[in-house]
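**Student:** Give me a model of this one.
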Amino acid sequence: MSRLRWGMVGGGEGSQIGFTHRAAAELDREFELVAGAFDIDPGRSRSFGNSLGLDFEHVYGDWQSMLAAESECANRLDLVTIATPNNSHFEICRAFLQAGFHVLCEKPLTITRESAQELHAVAVTGEQICAVNFGYTGYPLVRQMRAMVINGELGKVRLVKTEFAAGFLADAQSDTNPRVRWRFDPELAGPSCVMADMGSHAMHLACFTTGQQIKRLSADFANGVQGRQLEDDASVVFRMEGGTIGRLWVSGIALGKTHGLSIQIFGEQGGLCWNQEHPDQLLWTPLNGSSQILERGTVSLAPEAQTANRLAVGHPEGMVLAFANIYRDLAASIRTSGDGSTISPRQHLFPSVVDGRHMVDVVCIAAQSSKAGSQWLDVPTQEDWV
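**Tutor:** Residues are numbered from 1 along each chain as shown. Predicted coordinates:
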């Protein structure tokens with residue numbers, strides 16, 4: 001089977017996420033990186049593409065040149081990954097979707113609700129895949145959580161508590177660093193810093209694992225470092241479609257926290273707890289029973305988790321392999337979209353434009369709520385969309 005042709009916009013030298021995408025996409029030999037516009041500086045873009053060994057004719061100084069040239073190629077790209085600053089996602093995504101390319105966009109999908117709605121419409125109208133990289137959903141035991149909820153093992157889900165807390169924004173002096181400064185610039189980051197950057201991941205995990213969208217919320221954005229235009233700490237309480245109670249804490253000033261993404265789900269018949277820093281173990285506590293540790297790679301797990309597993313039990317898996325599961329799911333969908341065959345639901349777990357649009361709604365409405373004194377506000381779910 002020939003490998004799918006893959007291109008990148010962004011993700012060049014110094015990118016926090018570019019290497020992870022390249023390592024993940026090519027891990028299963030489903031994709032081959034053949035084109036890219038890797039940097040806003042044309043010279044750096046071409047230099048980086050050449051360092052990767054790409055054909056010089058398919059390394060571009062800007063994404064517009066890449067789009068124009070690759071649209072005319074007889075052997076077109078099967079997927080384009082967009083890993084650029086937040087404020088550029090909309091324009092680049094829309095252009096590649098309208099030209100008929102499948103797209104994987106880094107989160108957030110866009111920085112405004114209106115542009116997220118438009119991208120959703122473009123993707124649906126053109127029947128192109130528009131995926132959004134909430135990459136933590138690729139972890140096997142996150143998919144195990146989802147399977148256990150869907151299979152009814154927890155009964156009705158009563159409460160979800162999730163957090164994403166780290167200390168990488170705790171140093172006020174770092175605000176002069178361009179890699180930090182943009183996060184607090186509304187023109188580049190949108191209406192939120194840590195809620196958009198980290199909280200959207202945690203909120204999406206709540207939606208992914210429970211199978212519910214968020215219906216209402218009340219948010220409190222705060223600044224531990226004074227003078228920043230956008231928040232470096234936030235708390236959100238929310239309610240989900242099925243009546244599930246939700247709690248979120250997200251922070252960039254939590255010194256001592258390294259990459260503190262975690263989620264707990266509490267149902268009528270049991271509770272689950274997963275921590276991304278220890279991703280190969282899932283704590284399961286059945287009603288009136290003893291807590292158990294479910295290990296990634298064991299035969300008792302759900303098929304969704306088994307399919308996502310790659311290494312033997314006891315050998316740590318990590319973020320690159322989680323991302324690789326997203327790319328493998330995308331490859332399966334791209335191949336079936338071309339030959340008209342059907343795809344197993346277990347291979348269709350990558351976050352879609354629907355997830356991306358919903359999280360843009362959540363982030364923007366949370367920012368609005370905080371400005372209104374933590375007022376409770378409604379969040380439109382998919383059935384409300386036009």
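
**Student:** Got phi/psi on T81?
**Tutor:** The phi/psi pair for T81 (degrees, to the nearest 10) reads phi -100, psi 130.

**Student:** same check, this time on E383
**Tutor:** phi -70, psi -20.

**Student:** That one and V354, how far apart?
**Tutor:** Separation of E383 from V354 (CB to CB, to the nearest Å): 11 Å. From N, CA and C alone the C-beta is placed, and that goes for glycine too.

**Student:** Which of these two has more residues huddled nearby?
**Tutor:** Taking neighbours as other CB atoms under 10 Å, E383 and V354 compare with V354 leading, 16 against 7.

**Student:** and the closest residue to that one other than its chain neighbours, how many neighbours does it have?
**Tutor:** Nearest non-adjacent residue to V354, counting by CB to CB, 6 or more residues apart in numbering: Q382, 6.1 Å away. Using other CB under 10 Å, Q382 has 12 other residues around it.

**Student:** So Q382 sits against V353, correct?
**Tutor:** No. If you go by CB atoms under 8 Å, Q382 and V353 don't touch, sitting 11.0 Å apart.

**Student:** At which residues are the strands of the protein located?
**Tutor:** Remark: strands assigned in the chain by DSSP state E are 4-10, 31-37, 79-83, 103-106, 130-133, 157-165, 214-222, 233-240, 245-251, 260-267, 270-275, 281-286, 292-295, 377-378.

**Student:** Dump those strands to CSV, plus mean pLDDT and distance to R310.
**Tutor:** Output for the strands of the chain, formatted as CSV (pLDDT from 0 to 100; distance: least, CB to CB, whole Å):
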stretch, mean pLDDT, distance to R310
strand 4-10, 97, 19
strand 31-37, 97, 16
strand 79-83, 98, 21
strand 103-106, 97, 20
strand 130-133, 96, 19
strand 157-165, 98, 25
strand 214-222, 98, 31
strand 233-240, 98, 31
strand 245-251, 98, 29
strand 260-267, 97, 20
strand 270-275, 98, 18
strand 281-286, 97, 16
strand 292-295, 96, 14
strand 377-378, 98, 41
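
**Student:** With mean neighbour count and distance to E57 added, can I get the ones you listed in a markdown table?
**Tutor:** Below are the strands of the chain laid out as a markdown table (neighbours: other CB atoms under 10 Å; distance: least, CB to CB, whole Å):
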| stretch | mean neighbour count | distance to E57 |
| --- | --- | --- |
| strand 4-10 | 25 | 13 |
| strand 31-37 | 23 | 9 |
| strand 79-83 | 25 | 17 |
| strand 103-106 | 26 | 22 |
| strand 130-133 | 27 | 27 |
| strand 157-165 | 21 | 41 |
| strand 214-222 | 20 | 46 |
| strand 233-240 | 22 | 46 |
| strand 245-251 | 22 | 43 |
| strand 260-267 | 20 | 41 |
| strand 270-275 | 20 | 45 |
| strand 281-286 | 17 | 47 |
| strand 292-295 | 14 | 48 |
| strand 377-378 | 13 | 50 |
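
**Student:** Indicate which one of those strands is closest to D329.
**Tutor:** Within the strands of the chain, the stretch nearest D329 is strand 130-133; the backing value is 8.6 Å (CB to CB).
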